[in-house]
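In: take a look and give me a structure for this.
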Amino acid sequence: MRSDTIKCGIERVPARALLYATGLTKEDMEKPFIGIASSFTDLIPGHVHMRRLEREIEKGIYAAGGVSFIFGVPGICDGIAMGHKGMNYSLASRELIADLIECVTNAHCLDGLVLLTNCDKITPGMLMGAARIDVPAIVVTAGPMISGRHKMQKLSLVRDTFEAVGRKQKGEIDDEELESLEMEACPGPGSCQGMYTANTMACVTEALGMSLPGCAAALAISADKDRIAYNSGQKIVNLSKEDVSCRKIMTRDAFENAILIDMALGGSTNTCLHIPAMANEADINIELDLFDEISKRVPQITNLRPGGEYFMEDFFYAGGIPAVMKRLGDDLNDCMTVSGFKIREIARQAKVYDEDIIRTKQNAYSKEGGIAVLHGNIAPDGAVIKQSALSDDMMVFKGSAKVFECEEDAMQAIMDKKVPQGSVVIIRYEGPRGGPGMKEMLSPTAALVGMGMDNSVALITDGRFSGGTRGPCIGHVSPEAMVGGPLALIEDGDEIIIDIPKRKLYAELSESEFDNRRAKWSPPPLEAVNRFLTRYAKCVTSADKGAILES
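Out: Presented below is the predicted three-dimensional model:
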């Protein structure tokens with residue numbers, strides 16, 4: 001066992017003394033040491049119930065003959081951090097979490113890990129760390145929140161709070177209605193209720209083979225989630241004894257499965273950052289264009305919020321990820337999973353309980369998957385859009401650029417009704433390096449939708465969007481403006497063409513005009529930030545590379 005390094009031999013008397021001080025028995029020294037990396041915090045609704053799940057995981061570990069050790073992992077709630085300087089830290093925290101997993105696991109020579117996680121950057125950060133050190137690991141995502149209720153209408157965070165801000169500004173709802181939505185949209189623990197980034201990453205993790213079947217959709221409040229936590233505790237002991245490490249599960253074929261299921265679900269564009277970053281830690285290269293290649297050959301067979309009307313609770317009762325695997329069948333690579341079952345066996349055993357929530361490929365919501373990758377003279381290295389959350393009328397759009405140097409200025413102009421119809425809002429210097437941290441920008445996109453402008457105004461940025469974003473919103477423009485990408489050269493009034501079917505994004509400008517502007521351009525000074533973000537900005541790579549850090 002890895003833990004023998006700290007348990008065995010006369011020279012380990014001091015280490016054993018310290019371990020006994022934690023309450024271990026002599027018998028425990030013969031057992032696998034399993035770390036429970038828990039992102040419990042009182043700050044995030046997706047994590048407040050994790051103490052319960054920690055106990056279940058512990059029980060499973062002890063029942064299978066292991067010893068458990070809980071250690072903490074930080075978490076940031078993107079919804080709370082949204083729209084202000086707090087969002088600079090969200091993506092950057094992913095690397096911090098990966099480093100923390102490496103540090104604690106290797107320093108204490110743990111034999112295996114249960115990764116108890118839920119929200120946006122925490123899940124990929126934990127998997128990045130586990131893949132880097134290649135230990136046996138299993139992920140327990142803590143589950144989705146149930147829908148809110150107001151006047152018997154089901155509510156979700158994004159549509160009924162972020163978009164409600166725009167509706168209030170437009171005069172559609174009054175203060176009393178807004179306060180009711182604020183109080184009722186999020187009724188308790190769990191990740192936000194749609195196929196936003198947290199739930200997309202939970203689904204991707206299960207599709208990757210790193211969670212037990214059914215884990216992704218099992219509700220935060222459910223006994224199903226407790227049983228999955230317990231069974232995961234048992235399973236990790238067996239995986240550690242058999243030395244089934246992460247990289248034996250996280251293969252290239254498994255990552256292709258994860259992307260395929262992501263496209264079939266119409267998931268968050270943030271997976272275009274996280275999947276390549278996780279693969280990179282497993283020494284696998286996943287290029288951005290692979291998402292588009294897979295999206296073109298797999299249909300979108302579910303339609304959850306933000307693009308559709310179904311919620312994660314509906315998806316759970318319809319059969320969850322195993323049911324999606326059943327629908328996709330032989331399209332999936334038959335990979336190994338932490339459950340001990342291969343993907344196609346899980347698919348064979350699955351049942352679909354609702355024919356509309358999880359459709360057949362022949363009756364799909366869209367003949368293509370949820371994400372499209374665009375190229376052109378604005379984004380030579382690519383940009384992404386969630387086409388599953390876009391109306392047919394906006395699949396091709398031409399508009400006049402209205403340029404902003406930061407999210408806050410764009411948001412103010414939107415709220416002040418200074419963005420005319422037919423505009424293409426450009427928000428630049430918000431990329432991985434320029435932000436720094438590549439802020440999610442749900443506030444301006446949701447305000448546009450709430451004000452009814454999602455069919456008349458597009459938005460383009462080198463930043464990124466929440467999984468809850470819908471409408472003609474293009475992010476991850478690469479290379480970013482701060483390093484001299486073409487987005488830095490766009491001016492007010494330039495004509496911008498968006499053509500999703502042809503995968504094109506460009507400005508009606510000649511190369512000579514770009515050259516003239518480039519000769520006059522110089523990067524703006526990086527906004528004064530603290531040491532952590534300064535270090536991050538110096539090391540981070542482009543969005544098309546997953547915004548990973550260069551060593």
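In: please make it C-alpha for all contacts and neighbour counts, starting now.
Out: Will do.
In: which of the residues in stretch 76-84 are buried?
Out: For stretch 76-84, burial by neighbour count (16 or more other C-alpha atoms under 10 Å) applies to 76-79, 81-83.
In: backbone phi and psi for residue 199, please?
Out: Residue 199 adopts backbone torsions of phi -70, psi -30, taken as degrees, to the nearest 10.
In: isn't it right next to residue 191, touching?
Out: Yes: Residue 199 sits in contact with residue 191 when judged by C-alpha atoms under 8 Å, with a separation of 6.8 Å.
In: gap between the nearest residue to residue 486 once chain neighbours are set aside and residue 530?
Out: Once flanking residues are discounted, residue 486 sits nearest to residue 378: 5.2 Å by C-alpha to C-alpha, 6 or more residues apart in numbering. According to C-alpha to C-alpha, to the nearest Å, residue 378 and residue 530 sit 31 Å apart.
In: higher neighbour count, those two?
Out: Neighbour count, other C-alpha atoms under 10 Å: between residue 378 and residue 530, residue 378 has more, with 29 against 8.
In: OK, contacts around residue 291?
Out: 259, 263, 272, 371-373 (C-alpha atoms under 8 Å, 6 or more residues apart in numbering).
In: which ones are touching residue 33?
Out: Residue 33 neighbours (C-alpha under 8 Å, 6+ apart): 3, 66-69, 110-112.
In: in ChimeraX, how would I select just the buried ones from those residues?
Out: Selecting only the buried entries of these in ChimeraX, with 16+ other C-alpha under 10 Å as the criterion:
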select :3,66,67,68,110,111,112
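In: in CSV, list the contacts of residue 33 along with pLDDT, secondary structure and distance to residue 141.
Out: Converted to CSV, the contacts of residue 33 look like this (pLDDT from 0 to 100; DSSP: H, G, I helix; E, B strand; the rest coil; distance: C-alpha to C-alpha, whole Å):
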residue, pLDDT, secondary structure, distance to residue 141
3, 97, coil, 26
66, 98, coil, 21
67, 98, strand, 21
68, 98, strand, 18
69, 98, strand, 18
110, 98, coil, 21
111, 98, coil, 21
112, 98, strand, 17
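In: check the buried residues of stretch 76-84 for the minimum pLDDT and say which it is.
Out: pLDDT is lowest at residue 83 among the buried residues of stretch 76-84; the value there is 86.
In: could you check how far the residue lying closest to that residue once chain neighbours are set aside is from residue 84?
Out: Distances taken as C-alpha to C-alpha, 6+ apart put residue 443 closest to residue 83, at 6.1 Å, once the chain neighbours are dropped. Residue 443 is 10 Å from residue 84, where distance means C-alpha to C-alpha.
In: give me phi/psi at the residue nearest the centre of the chain?
Out: By C-alpha atoms, centre = their mean, the chain has its centre lying nearest to residue 197, at 3.7 Å. The phi/psi pair for residue 197 (degrees, to the nearest 10) reads phi -60, psi -40.
In: OK, contacts around it?
Out: By C-alpha under 8 Å, 6+ apart, the contact list for residue 197 reads 119-120, 267-271, 466-468.
In: where do the strands sit along this structure?
Out: For the chain, the strands defined by DSSP state E occupy 33-38, 67-72, 112-117, 137-141, 148-150, 153-155, 371-374, 382-386, 396-404, 423-427, 458-461, 473-478, 495-499, 504-507.
In: was I right to think residue 301 contacts residue 262?
Out: No: using C-alpha under 8 Å, residue 301 makes no contact with residue 262, being 10.6 Å away.
In: return the member of the contacts of residue 33 nearest to residue 319.
Out: Nearest to residue 319 among the contacts of residue 33 is residue 112, at 29.4 Å by C-alpha to C-alpha.
In: tell me the contacts of the closest one?
Out: 32-35, 135-137, 236-237, 239-240.
In: identify the residues contacting stretch 364-371?
Out: The contact list for stretch 364-371 (C-alpha under 8 Å, 6+ apart) reads 262-267, 269, 291-292, 294-303, 359, 384-389.
In: buried among those residues? Make that a ChimeraX selection.
Out: Here is the ChimeraX command that selects the buried residues among these (16+ other C-alpha under 10 Å):
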select :262,263,264,265,266,267,269,291,292,294,295,296,298,299,300,301,302,303,359,384,385,386,387,388,389
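In: ok, residue 92 - contacts?
Out: 437, 533, 536.
In: quick one: the second one and residue 438 touch, right?
Out: No: with contacts counted by C-alpha under 8 Å, residue 533 stays clear of residue 438, the gap being 11.1 Å.
In: now do the shared contacts for the two.
Out: In contact with both residue 533 and residue 438: residue 88, using C-alpha under 8 Å, 6+ apart.
In: so for these two, which sits in the more crowded spot?
Out: More crowded of residue 533 and residue 438, by other C-alpha under 10 Å: residue 438, with 28 against 19.
In: contact partners for the more buried one?
Out: So residue 438 contacts 88, 91, 430-432, 462-464 (C-alpha under 8 Å, 6+ apart).
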